[in-house]
Each structure stands twice: as C-alpha cells, then as structure tokens.
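Colleague: What follows is a predicted structure for the sequence shown.
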Amino acid sequence: MEITIDWFAFVQVFAAALVGALLVVGFYAAGLRLLVRSGHAPVVAPAEFTDAITVISEKEARRAAKAAAKAAKKSPLTDGQKRLALVGAYGAFGLCGLAVLGGLLLIVVR
C-alpha cells in the first residue's frame, strides 16, 4: 500500500489560506484606520471580570473617551473628508465580511 501526496494541491491550499488571511486582516485594519481618521474612534466600555485580568475603571474610560473626542476635534480633515473616511471604513468592513463569506462558500460548496 503506497500513499501519494499531491503537493501541488497542498501548495494551493496554503496559498489560498495565506491570501485569505491577508485580505481579512488587511481590510479590517484599513477599516479601523479609516474609522479613527473619520473621528469615530471605537471606545469600549470596561467589563467586569472575576479573574486576574486588569480592567480599567470608569474614570479611566471617561478619560480615554474625552481624549478621543479632543483628538477628533484637532483633526486636520474637513467634514467631507471625514465623511469619506467613514464611508471607506464601512466599505472596508464590508469587504472583510465578503472575504470571510467567500472563504466559507469555498468550504461549503466544494
């Protein structure tokens, strides 16, 4: 009994996984960058954990939100440019989702 490995198929799967990962991470990073440039920096409220995880306090969260609002006011972009950056951010997140759905379709259909 002899086992043969199709190395070309292995390389194809590796390349597809690499390209897919780069697309998803790239679109997500571009979306976050554009979201911040548009003045909509994501501020996450602190969560309560019972483990040994360091959690920021309410005061620190308010300070971070205030700093983000102050930085948004100092932005050199015009309102039109900020709006365009926001639309670009949503587009990048949409492309990220489409890349994930495309990968799932490749798995399910094949």
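Modeller: Here it is on my side, so go on.
Colleague: CA atoms for contacts and neighbours, from now on please.
Modeller: Fine.
Colleague: Please name the residues that touch Ala68.
Modeller: Ala41 (Cα atoms under 8 Å, 6 or more residues apart in numbering).
Colleague: Which helix or which strand is home to it?
Modeller: Per DSSP states H and E: Ala68 is located in helix 58-73.
Colleague: from the chain's centre, how far out does that helix sit?
Modeller: Centroid separation for helix 58-73 versus its chain: 21 Å, with Cα atoms, centre = their mean, to the nearest Å.
Colleague: could you point out which element follows that helix?
Modeller: helix 79-109.
Colleague: Please name every helix or strand in contact with that following helix.
Modeller: helix 7-37 (3 or more Cα pairs under 8 Å, 6 or more residues apart in numbering; DSSP states H and E).
Colleague: quick one: low-confidence ranges for this protein?
Modeller: Along the chain, segments meeting pLDDT under 70 span 44-55, 72.
Colleague: Quick check, central residue of it?
Modeller: Tyr28 (2.7 Å; Cα atoms, centre = their mean).
Colleague: Any figure for the gap between that residue and Tyr90?
Modeller: Distance from Tyr28 to Tyr90, counting by Cα to Cα, to the nearest Å: 10 Å.
Colleague: And for Val19?
Modeller: For Val19, the distance to Tyr90 - Cα to Cα - is 21 Å.
Colleague: got the angle between the helix holding Ala68 and helix 7-37?
Modeller: With axes from the mean of the first three to the mean of the last three Cα atoms, to 10 degrees defining the directions, helix 58-73 sits at 90 degrees from helix 7-37.
Colleague: Val19 and Tyr90: which is more packed in?
Modeller: More neighbours surround Tyr90 than the other of Val19 and Tyr90, with 18 against 11 (other Cα atoms under 10 Å).
Colleague: Roughly how far does the closest residue to that one other than its chain neighbours sit from Val19?
Modeller: Counting by Cα to Cα, 6 or more residues apart in numbering, the nearest residue to Tyr90 once its immediate chain neighbours are dropped is Gly31, at 6.7 Å. Going from Gly31 to Val19 by Cα to Cα gives 18 Å.
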